[in-house]
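*Asks:* Pasting the sequence and the predicted model now:
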Amino acid sequence: MCGIFGYVGSKQAAPILVSGLQKLEYRGYDSAGMYIAGAGSVKAVGKVAALVAELETKQSAGTAGIAHTRWATHGEPSVSNSHPHSDTAEKIWLVHNGIIENYQALKNELLEAGVEFVSQTDTEVLAQLVASLYKGDLKSALQEALARVHGTYGIAVMATDNPGQIVVARMGSPIVVGVGDDTEMFVASDPSALLEYTNQFIYLEDSEMAVIEADTYTVTSIAGEARAKSPELVLHDVSAVQKNGYDHFMLKEINEAAEVIRNSTRGRIDARAGTVKLGGLEDVAETLATIKRLTIVGCGSAYYAGQMGRLMIEEYAGLPVEIELGSEFRYRRNLGDASSAVLAVTQSGETADTLASIVAAKNLGQLTLGIVNSVGSTIARTTDAGVYNHAGPEIAVASTKAFISQLTVFVLLTVWLGRQREMGGEEASEILTALAGLPDVIEMMLADTAAIEAVARKYANSRDMMFIGRQLHAPIAYEGSLKLKEVSYLHAEAYAGGELKHGSIAMLGPDFPVFAIAPEDAVYAKMVSNIEEVRARKAPVILLTTEGALGADGLADDVLYMPKVHSILQPIIATIPLQLFAYYVGVARGLDVDQPRNLAKSVTVE
Ligand code: M6R
């Protein structure tokens, strides 16, 4: 949440800061601002585009600066609450991602000393505190200030009287330093924002800080101990962060599903032998062969992917699995021990609640694992072992391709754990052969999405919608509902089909459409009964089923067909029409599907 970008070098900073903020906008977009040494600050409420318009009215020459795009925590989106924040005399400028938990106590002290505040933010308190300690050495002032702070932060700070230096620090919110050529250095919350300029990154760990000048950087702990860090090389295709002709990143990323599955499985499956190779788990394979229980932790879509993982692993690998929300698990008594492991599922690798759950499990001595998309992210580096998704950067706030890759990795993990336990080679071979063919099936599906678009347009003006599914398709119903809520703001709910009659069927009627996910599988007949119960209440039904499903044609108001594949893979196929449905409803309602209101891509605060 919140994006930080900084530049110090020999070029004009303003266009570089704007381009960085545009790439970080997914992290928060209710206001934006920048400070350029020698030119001062510019701020605007709304998206980066509003800041660009504001910049046109100001003098912005200068070759160093810090910038921020905000997701509000303390105080509404307004110019005075936008970052960068400064002290009253404008000696210090600071951008911040995170929450200063003891800001009120610090503010009271500063108020007593006569300091006047212009914003409602916790960040301004930090800027004022640093300024009150500043005697010409920014690093020392920041160290002293941070020693008094409780909370989380990724920060970048500049002093007006030292325009060629940026000091950054990290505690719980990511900060990466980008090493350019000999004459420029960058800083950002996410390396993907820097790919246009460099692929050499220094990742700060918690409790570390760095002093950056155009041709040097020094990393130390916040307490001052030296840290020797060399840049890590990160290879990413820059086109992954561009729309490449699509109207929206969300549509582009849905259309990447086939490629994402290829990337997530590349080099990992031997279909003939019925084996999966997961290099990141090799060191802990012996331990994993003996564990008695796995706890999966995630938030949002990653949580639903975890629900799917639980069903797959229990059904096919015979290992008991629990699934937990990161925001709840972190505050619960964890009864795990050395015979259990905790697995985090996360696209960003920075989600605060998921990270806290992993840290708590580690502190208990449990084995921690990750299914993580962002290479080098905090959760990837905190867990003992894990599997990267290799889905590439996901830019749209609503997760689509990352969710597909999470399901794919769960199929791999299921076979991997299954082969350690009760799964035979023949069954594994069958699953892996089907998985290898899945991208071609998806490409065929995505070649014609007109029917989904037409159904989405038909229901775009609904007020409510319910999603139902059973077994492996229950988590897909939850995810379909979340996707629709996120990008269309429609009221949507989701239930396992058999649960409706226990209460929520009371809501249904002619104005409450139901989207039923019912492939012709072991529970198809049960879903047909649930659909009949819905129709008896006169609720319109959209049915998503498999080609040739018995009796499907007359069963619903609208029927969408998908290809039938191996039952463990069917949920991956079923996800795509639901993502497209949400996308087309959002577009038909004229909304910004890539950056829905009130959301941020990377949820780095509690
Ligand atoms: O980066 P993570 O996978 O840990 O993020 C978890 C959730 O915040 C995320 O899935 C969120 O629910 C998305 N907006 C869903 O589209």
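*Replies:* That came through fine.
*Asks:* OK, contacts around the residue in the chain positioned nearest to the ligand?
*Replies:* Per C-beta to the nearest ligand atom, G300 is where the chain lies closest to the ligand, at 1.8 Å. In this view, the C-beta of every residue, glycine as well, is placed from N, C-alpha and C. Residues near G300 by C-beta atoms under 8 Å, 6 or more residues apart in numbering: 399, 482, 603.
*Asks:* Look up how far A600 lies from it.
*Replies:* Distance from G300 to A600, counting by C-beta to C-beta, to the nearest Å: 11 Å.
*Asks:* Could you identify the helix or strand that succeeds the lowest-mean-pLDDT helix or strand in the chain?
*Replies:* Sorting the helices and strands of the chain by mean pLDDT, DSSP states H and E puts strand 232-233 at the bottom, at a mean of 86. Proceeding N to C from strand 232-233, the next assigned helix or strand is helix 249-255, under DSSP states H and E.
*Asks:* Mind giving me the packing neighbours of that following helix?
*Replies:* Here helix 249-255 touches helix 570-588, going by 3 or more C-beta pairs under 8 Å, 6 or more residues apart in numbering; DSSP states H and E.
*Asks:* quick one: contacts of the host helix or strand of A44?
*Replies:* A44 belongs to strand 40-45 when elements are defined using DSSP H and E. Residues from elsewhere that reach strand 40-45 (C-beta under 8 Å, 6+ apart): 30-36, 50-51, 53-55, 58, 60, 77-79, 82-84, 86, 90, 93.
*Asks:* Please save the CA atoms from the following helix or strand past it in PDB.
*Replies:* Downstream of strand 40-45, the next assigned helix or strand under DSSP H and E is helix 48-55. The C-alpha trace of helix 48-55 is given here as PDB (Å, rounded to 0.1, in the frame of the first residue of the first chain):
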ATOM      1  CA  VAL A  48      -1.000  10.300 -10.900                       C
ATOM      2  CA  ALA A  49      -2.600  12.000 -14.000                       C
ATOM      3  CA  ALA A  50      -3.900  14.700 -11.600                       C
ATOM      4  CA  LEU A  51      -0.300  15.200 -10.400                       C
ATOM      5  CA  VAL A  52       1.000  15.500 -13.900                       C
ATOM      6  CA  ALA A  53      -1.600  18.200 -14.600                       C
ATOM      7  CA  GLU A  54      -0.500  20.000 -11.500                       C
ATOM      8  CA  LEU A  55       3.200  19.700 -12.500                       C
END
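*Asks:* so what does the longest helix anywhere in the chain touch, helix or strand wise?
*Replies:* Identified as the longest helix of the chain according to DSSP state H is helix 425-446. With contacts taken as 3+ C-beta pairs under 8 Å, 6+ apart, helix 425-446 sits against helix 257-265, strand 269-270, strand 275-276, helix 401-420, helix 570-588.
*Asks:* for that helix, the distance to its chain's centre please.
*Replies:* Centroid separation between helix 425-446 and its chain, computed with C-alpha atoms, centre = their mean, to the nearest Å, is 27 Å.
*Asks:* How about the secondary structure of A169?
*Replies:* Secondary structure for A169, judged by DSSP: H, G, I helix; E, B strand; the rest coil, is strand.
*Asks:* secondary structure class for the closest residue to it other than its chain neighbours?
*Replies:* Distance criterion C-beta to C-beta, 6 or more residues apart in numbering; nearest residue to A169, sequence neighbours excluded, is M209 at 3.9 Å. Here M209 is recorded as strand under three-state DSSP.
*Asks:* same check, this time on D448
*Replies:* Going by three-state DSSP: D448 is coil.
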